[in-house]
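Visitor: can't give you the sequence, but here's the structure:
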């Protein structure tokens, strides 16, 4: 836990490599609210396939909340940590459906 309310507090750090060698990485910090992070969270969530980020959600300094998907960067409306992680995982499931036709994706959801 952070020593003061002005110090960032790591609330989630998770990384997993699936059976296909792809990585899911999630890092979320509670930070002081600011113009750049009005919700008080700094986050980076990424799905990496063949050493390339194919899906990402983050709010890098000065860029605001956004997601990387299908080669595009789009604004993301942050509505809380729970919905952020659900949206991220739903994008991974969609990616599997569109890119893994020869693999059984029913057991992944």
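Guide: Everything's here; your move. Here the structure is a predicted model, which is why all the values come from computation and not from measurement.
Visitor: Which helix or strand contains the residue most central in space within the chain?
Guide: Residue closest to the average C-alpha location in the chain (Cα atoms, centre = their mean): residue 45, at 2.2 Å. Using DSSP states H and E, residue 45 sits in strand 41-49.
Visitor: unless I'm mixing things up, residue 31 is touching residue 8, no?
Guide: Yes. Between residue 31 and residue 8 a contact is recorded at 4.8 Å, counting by Cβ atoms under 8 Å. Using the backbone N, CA and C atoms, a C-beta is placed for each residue, glycine as well.
Visitor: So which of those two has more stuff around it?
Guide: Neighbour count, other Cβ atoms under 10 Å: between residue 31 and residue 8, residue 31 has more, with 20 against 12.
Visitor: a strand runs through residue 97, doesn't it?
Guide: No. Read with DSSP: H, G, I helix; E, B strand; the rest coil, residue 97 is helix and lies in no strand.
Visitor: what ranges do the helices span in the chain?
Guide: In the chain, the segments counted as helices under DSSP state H are 81-99.
Visitor: tell me the pLDDT at the closest residue to residue 56 other than its chain neighbours?
Guide: Nearest residue to residue 56 in three dimensions, chain neighbours excluded: residue 68, at 3.9 Å (Cβ to Cβ, 6 or more residues apart in numbering). Per-residue confidence (pLDDT) for residue 68: 95.
Visitor: ok, now the one 3 residues further on?
Guide: The predicted local distance difference test score for residue 71 is 89.
Visitor: before we move on, back to that, okay, buried residues for the strand holding residue 45 please.
Guide: For strand 41-49, a neighbour-count test (16 or more other Cβ atoms under 10 Å) marks 41-43, 45-49 as buried.
Visitor: Adding distance to residue 80, write those residues out as JSON lines.
Guide: Converted to JSON lines, these look like this (distance: Cβ to Cβ, whole Å):
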{"residue": "41", "distance to residue 80": "9"}
{"residue": "42", "distance to residue 80": "14"}
{"residue": "43", "distance to residue 80": "11"}
{"residue": "45", "distance to residue 80": "14"}
{"residue": "46", "distance to residue 80": "19"}
{"residue": "47", "distance to residue 80": "20"}
{"residue": "48", "distance to residue 80": "24"}
{"residue": "49", "distance to residue 80": "27"}
